[in-house]
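take this sequence and fold it.
(2 chains)
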Amino acid sequence: MDKYIINDDFLYKYMKGAENIILESLPKEEELSYKFSKRFKRKMNKLIRRENRTPFMKSFINHSKKVAVLFLIFATIAFATTMSVEAYRVKFFEVVIEVWEEFTSMIFKNNKNINDRKLIPAVPEYTPKGFSILEENINDYVYSIIYVNENNEEIFYEQRIISQGEVLLDTENIEVETIEVDNQAIILFTNKGVNQIYWSDDSYSFTLISTINIEELITITKNIFKNK
Amino acid sequence: MLIYLSMIELEEDKNKLEQLYTTYKQTMFYVANRILKDEYLSEDVVHQAFLRIIDNLSKIDKIDCHKTKGFIVVIVENIAIDSYRKRKRENTLSFDEVEIYIEDVKNSDNFILNDIEETILKLPINYSTVLRLKYSQGYTNEEISEILMISEENVRQRISRGKKRLIEILAEGGNKFYG
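As a prediction, this is how the structure comes out:
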């Protein structure tokens, strides 16, 4: 009859050997030949393509999904830097765009309850040649599409119901332009080779991001204006 | 007060997932299917395991090595047990109530085992997964809580219950033990 003390030292000593046996008892990968379903392969291809994105696009999309357009209730911003302010008065919202040295802020102000509003997607009918939909998601507040082409270039489009709050965009050391396209003000800038366009109407904020050239993005933007 | 997440992603992580997929997908499916005995659910488990692996990619150094294989097998087993619980009793069984054994390991005659290793192999896998992460792969309780997506308190509990179960199995074999 043996005596054992079951403590950490005991487990550190024996667990490795036990795990090795578990792993060695598994058939070798090349001996297995399960035929995965098309559904599984499709899901995995999508996952791998998503993981193979450029670090910027990946971080942006992750960021977008988690925090993305940040609706902060009237954040107090204490930066002693220069800024320019333009305000667009619209039906329900007052949109104040502030361009700071470190970032650009879009503040939405309204007094109406938006809880009963349901998102009606504005689907772009124009996409540049060679691009197809990789991912399309919709819920009550956000509609987004990721397009991809054969060269793994991506276009990220998002339409989001706006509520009272503030959106912060990282535009440090970047020239931010506000231009008029078809009588609609849009913000555009390029950060680390990625072009970004933002605009809003009385119900939604819109985002278009891609490494493709800015003219193509503006064409998509105009097309969305037309189809709303 | 600039709230902008700059997620640092390493370039080398870009293809890691693809390499893991190529190297382990069949093994992962095998591990899931021997618990669930359902190909459809097992495929789902493999997919979910890859989602979990993405969150823990930084914990993987080499693709084709024993440690990585052990890590991936534990993740698959853990998700498969959860899936098994959900299927069996609509999630009313707690993790510890499910005792799943891997017969082909227990009955293996191909290995020369010492008494202790044999006893460890008799542990239900819901206990052995957390013990393997801790004592074989060397992860801290905090890291294990990230890998298994449970609280650190829960990790401590499972380790303690795993030890207790090990003592019970040793006792059944007529051995004396001290906790």
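
with adjacent residues omitted, what lies nearest to the most centrally placed residue in chain B?
Chain B has B:Val74 as the residue nearest its centroid, 2.0 Å off, counting by CA atoms, centre = their mean. Leaving aside its sequence neighbours, B:Val74 sits nearest to B:Thr129 (CB to CB, 6 or more residues apart in numbering or on different chains; 4.8 Å). Using the backbone N, CA and C atoms, a C-beta is placed for each residue, glycine as well.

residue contacts, that neighbour?
B:Val74, B:Glu77, B:Asn78, B:Ile81, B:Leu148 (CB atoms under 8 Å, 6 or more residues apart in numbering or on different chains).

I figured the second one hits B:Ile125, correct?
If I follow you right, that is B:Glu77. Yes. Here B:Glu77 reaches B:Ile125: they are 5.2 Å apart, a contact under CB atoms under 8 Å.

give me the common contacts of those two.
B:Ile35.

most neighbours among the contacts of B:Thr129, please name it.
Using other CB atoms under 10 Å in any protein chain shown as the neighbour test, the contacts of B:Thr129 are led by B:Val74, with 27 neighbours.

for that one, phi and psi?
The phi and psi values for B:Val74, taken as degrees, to the nearest 10, are phi -60, psi -40.

and B:Tyr139, by the same measure?
The phi/psi pair for B:Tyr139 (degrees, to the nearest 10) is phi -80, psi 150.

show me where chain A has helices.
For chain A, applying DSSP state H gives helices covering A:8-24, A:38-51, A:55-66, A:214-227.

tell me the SS of the residue nearest to B:Val74?
Under DSSP: H, G, I helix; E, B strand; the rest coil, the three-state class of B:Thr129 is helix.

and if you look at B:Arg132?
helix.

what's the distance between B:Lys16 and A:Val142?
In this view, B:Lys16 and A:Val142 are 29 Å apart by CB to CB, to the nearest Å.

please apply the same query to A:Ser37.
A:Ser37 is 30 Å from A:Val142, by CB to CB.

okay, the nearest residue to B:Arg87 once chain neighbours are set aside: pLDDT?
Leaving aside its chain neighbours, B:Arg87 sits nearest to B:Leu41 (7.0 Å; criterion: CB to CB, 6+ apart). Looking at B:Leu41, its pLDDT is 93.

residue contacts, B:Leu41?
B:Ala32, B:Ser83, B:Arg87.

would a markdown table of the residues you listed with distance to A:Phe206 and neighbour count be doable?
Shown next, in a markdown table, are the contacts of B:Leu41 (distance: CB to CB, whole Å; neighbours: other CB atoms under 10 Å in any protein chain shown):
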| residue | distance to A:Phe206 | neighbour count |
| --- | --- | --- |
| B:Ala32 | 42 | 28 |
| B:Ser83 | 39 | 19 |
| B:Arg87 | 42 | 12 |
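
what about A:Ile133, how many residues nearby?
12.

ok, it touching A:Ser144?
No. With contact defined as CB under 8 Å, A:Ile133 does not count as touching A:Ser144 (10.8 Å).

that older thread, more crowded one of A:Ser37 and A:Val142?
A:Val142 (19 against 12).

quick check: beta-bridge partners of the closest residue to the more buried one other than its chain neighbours?
Nearest residue to A:Val142, sequence neighbours excluded (CB to CB, 6+ apart): A:Arg160, at 4.9 Å. Residues in a beta bridge with A:Arg160, per DSSP bridges, are A:Val142, A:Ser205.

hmm, A:Arg160 is touching A:Ser205, no?
Yes. In this structure A:Arg160 lies within contact range of A:Ser205 using CB under 8 Å: 5.1 Å.
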